[in-house]
Each structure stands twice: as C-alpha cells, then as structure tokens.
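Enquirer: Return a 3D structure for these sequence lines:
(one chain, ligands or ions: 1)
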Amino acid sequence: MANQSQEIDQKKLDELQEKVVTDVAGAMGLIMAYMGDRLNLYSALAEIGPATSAALAKSTGLAERYVHEWLSANAAGGYIEHDAASAKFSMTPEQVVTFASEGHPNCMQGFFQAVVSTYIDEPKVTEVFRSGKGLPWSDHNGCLFCGTERFFRPMYAASLVDAWIPALDGVRDKLASGAKVADIGCGHGSSTIIMAKAFPKSSFYGFDFHEPSIEHARSRAKDAGVESNTLFEVVTAKEFPGSGYDLVTIFDALHDMGDPVGAAAHVCNSLAAGGTFMVVEPLAGDTLDENRHPLGQIYYSFSTMICTPASKAQEVGLALGAQAGQKRLTEVLNKAGFTKVRRAAETPTNMVLEARA
Ligand SMILES: C[S@@+](CC[C@H](N)C(=O)[O-])C[C@H]1O[C@@H](n2cnc3c(N)ncnc32)[C@H](O)[C@@H]1O
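Expert: Alright, predicted model coming up:
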C-alpha cells in the first residue's frame, strides 16, 4: 500500500477524518434536500409548520414513517427546526429561503439538482476517464439541464440588467434605444429572456446546439411574453447566423465549448463596429493554488463531471475547464481577435468579462 511505511500523524488524520465526515454529512443533506424539493416537503412545512410528522404526512399525502425519518435527518443537519416538547418541526425564514423559495437568489435547489445529476451520470464519466473520449452535453440526464437553469436564472435576474450590463461601456444605452443581441450557448434561454423583457426595443437571438434546450427556451419565451423580440435557433457557436450584433453574450458556456477560440473568433466577426462581447465565466484565480477553497472544489468537480468531457466531445476539444481564470480566458479572447479585455463585474461566484475588437 502506498505510503504505508510513513508514520501517521494522528492529529492530521483526525482533522482529515473530521472534514470528510462533514463532507459526507453534506452529501447526505443534499440528497435529503433534493428529495424534499421533489416531494414538496419544504414548501408544505413552510406553509403549515410548526407541524408534527403526522400532520406533514397528511398534508403532502406521503407515508408518515418516511416523512418522520426525513424530518429527523433535516433537523439533525440544521436544515429545519425541531421542538422536542411538542414534537413539532418548523422552518426559520432563512431555511425557507434556502430550501423552499423558488426563484430567490439564495434558493439552493437548482444547485442540488445539478449535483444530483453528476451522481446519476457518474458511470458515463468514469468510462471517459478510461477511454479518453468526451461526453456530450446532450448525453447527460435531464436533471442537469433543469438544475442549470434553476441555479443560474435567479442570479441573472438579480445581476444581469441592474449590474452587469451597466458595467459594460455604453451597452445599456444601446439596448434601451434598440440593439441587436446574440446569446450563444443560451441553454434554456434564461439570460436571453431576462434581457428581452428589460429591453423591449432590442432584438435577441438565442443560439445553442442542444435542440431540447432551444425548444424549452422557445416555450419559456412564450410564457414570459417576449416572443416578439426573441428568436431561438439550434446552431453551434461557430456557425450562428447574422452580423452587425451590438452585443454578443456567452453565459457559463465558453469553457464548455470544444473550440472556444474558434467560437470567439466567429463572435468577433459577427459584431457591429464598436460592438461588445460579454463573457460570463465561473469566478477563478489563475492558478490551482488560488482556487483551493470550497467554491474551487465545487467548480473543479463540476468541470470534471460535465465541462471538460463536454468540450472534449467537440472539435478541437480544448477543455479549458470551469476554473480557467481570467488570464487564460484573456489569451483565448486575444487569439480570437479581441484586443481589449477587462473584468467589468463580478459576483461571489462569477466574473463578467468585456471584450472588444
Ligand atoms: C452550462 S450550460 C449554460 C447554459 C446557459 N447559458 C445558462 O447560463 O443557463 C452550457 C450550454 O452551452 C451549450 N454549448 C456548449 N458547446 C456549444 C457549442 N459549441 N455551440 C453551441 N452551444 C454550445 C450547451 O448546449 C449548454 O446549453
């Protein structure tokens, strides 16, 4: 066995074991939270609580013994409250926001859904480690597509129109008076639709090569009442049609592309004179050592399971990874023809780059 001859430092071992046990508790807490969402347990408890397990089981139509065990796991993890005297369970306002407030920027259910998707697809990813092949975005289970939308949409709703677009040089005024915008790798179209609602005089084109996502985006646009200034099309990032765009955006998708340089070069050619390319990417430092923290661990892990295999499944297969960092991303954008690249904004999880020719 490796390192068997080396002496074990008991203190270091205890610390590591403690961390791993905390992580395992988190992994189990996450699957409890995911099931609570699917079974509407949190929203029901938020509505009727404080409640006994019997009352919650009755209101959700679920089997009481399972509901009781689920409540106990959640109470042990601090996800809900328990009053021993009355045997009732309840949720604080903070717990309601985190587990039961769909669309709230602090609701974590989309995040949980995306993590669960990686567990479901683990056998496929393990296999590409052996084969060296890629795993196309389209080969993942549907949990990923919905989880991605659910996780990102509230952040876009909170930041895109009020913070990110105003941080770009002269872009808000152009959009307000009527501009042409392309959103590449738009997925379910959350970002496209949010912009289309905020800037009704502008035209928004959402492009993605994943057909089910584009169909979903079209139906979302209809529900949101922005059909008249949005158009969604199935096409790759290197082949999207049109020219004279005032703004082209890519939200959390450049690093998923096989040929991000080729895609960015196509963006560069499609822009109107003075046009802007907005690239939203996961927040990261430029080196692994800068990314050695929980958020870095989360992003590198998603990157291992989803982003790196997605890029390797496409032509070139550059596999930038979800923690490429601004320096590497700037190199890609420079190679594609953008001479001016700057960080226009950031959130605790993402950076917004502005690139101009
Ligand atoms: C992580 S998802 C982000 C989706 C969306 N932009 C969002 O923020 O919710 C990445 C998206 O990039 C798309 N994508 C990846 N490579 C692409 C390519 N070469 N051409 C077009 N779309 C691509 C995928 O289909 C997927 O919808």
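
Enquirer: quick check: mean pLDDT across whatever helix or strand Ala33 lives in?
Expert: With secondary structure defined by DSSP states H and E, Ala33 is part of helix 10-38. Per-residue pLDDT values over helix 10-38 give a mean of 97.

Enquirer: Also stretch 258-265?
Expert: Mean pLDDT, computed over stretch 258-265, is 98.

Enquirer: Equivalent analysis for stretch 208-221, please.
Expert: For stretch 208-221, the per-residue pLDDT averages 97.

Enquirer: Stretch 276-287 now?
Expert: The average of the pLDDT scores along stretch 276-287 is 98.

Enquirer: Which residues of the stretch 51-200 of the chain lie near the ligand?
Expert: Contact residues of the stretch 51-200 of the chain with respect to the ligand, defined by CB under 6 Å from any ligand atom, are listed as 137, 148-149, 152, 185-187, 190-191. All C-beta spots, glycine's among them, are computed from the backbone N, C-alpha and C.

Enquirer: Next, format these as JSON lines and append pLDDT.
Expert: Rendered in JSON lines, the data for those read as follows (pLDDT from 0 to 100):
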{"residue": "Trp137", "pLDDT": "96"}
{"residue": "Thr148", "pLDDT": "91"}
{"residue": "Glu149", "pLDDT": "91"}
{"residue": "Phe152", "pLDDT": "93"}
{"residue": "Gly185", "pLDDT": "98"}
{"residue": "Cys186", "pLDDT": "98"}
{"residue": "Gly187", "pLDDT": "96"}
{"residue": "Ser190", "pLDDT": "97"}
{"residue": "Ser191", "pLDDT": "98"}
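
Enquirer: so which of these comes closest to Arg38?
Expert: When these are compared for distance to Arg38, the smallest value, 16.3 Å, is given by Glu149; criterion: CB to CB.

Enquirer: Does the ligand have contacts with stretch 333-343?
Expert: No: among the residues of stretch 333-343, none lie within reach of the ligand under CB under 6 Å from any ligand atom; the closest is 13.9 Å away.

Enquirer: mean confidence for that stretch?
Expert: Stretch 333-343 comes out with an average pLDDT of 98.

Enquirer: Identify all contacting residues around it.
Expert: Here stretch 333-343 makes contact (CB atoms under 8 Å, 6 or more residues apart in numbering) with 260-265, 267-269, 277, 279, 326, 329-330, 351-357.

Enquirer: Take the residues you listed and keep only those in helices.
Expert: Restricting the contacts of stretch 333-343 to those inside helices, with DSSP state H as the criterion, leaves 260-265, 267-269, 326, 329-330.

Enquirer: Going through the residues you listed, which ones are buried?
Expert: Among the ones in helices among the contacts of stretch 333-343, those classed as buried by 16 or more other CB atoms under 10 Å are 260-265, 267-268, 326, 329-330.

Enquirer: next helix or strand past the helix holding Ala33?
Expert: Secondary structure here is assigned by DSSP H and E; on that basis, the next helix or strand after helix 10-38 toward the C-terminus is helix 41-48.

Enquirer: Just name the closest of the buried ones among the ones in helices among the contacts of stretch 333-343 to the ligand, please.
Expert: Of all those, the ligand sits closest to Ala263, with 6.2 Å by CB to the nearest ligand atom.
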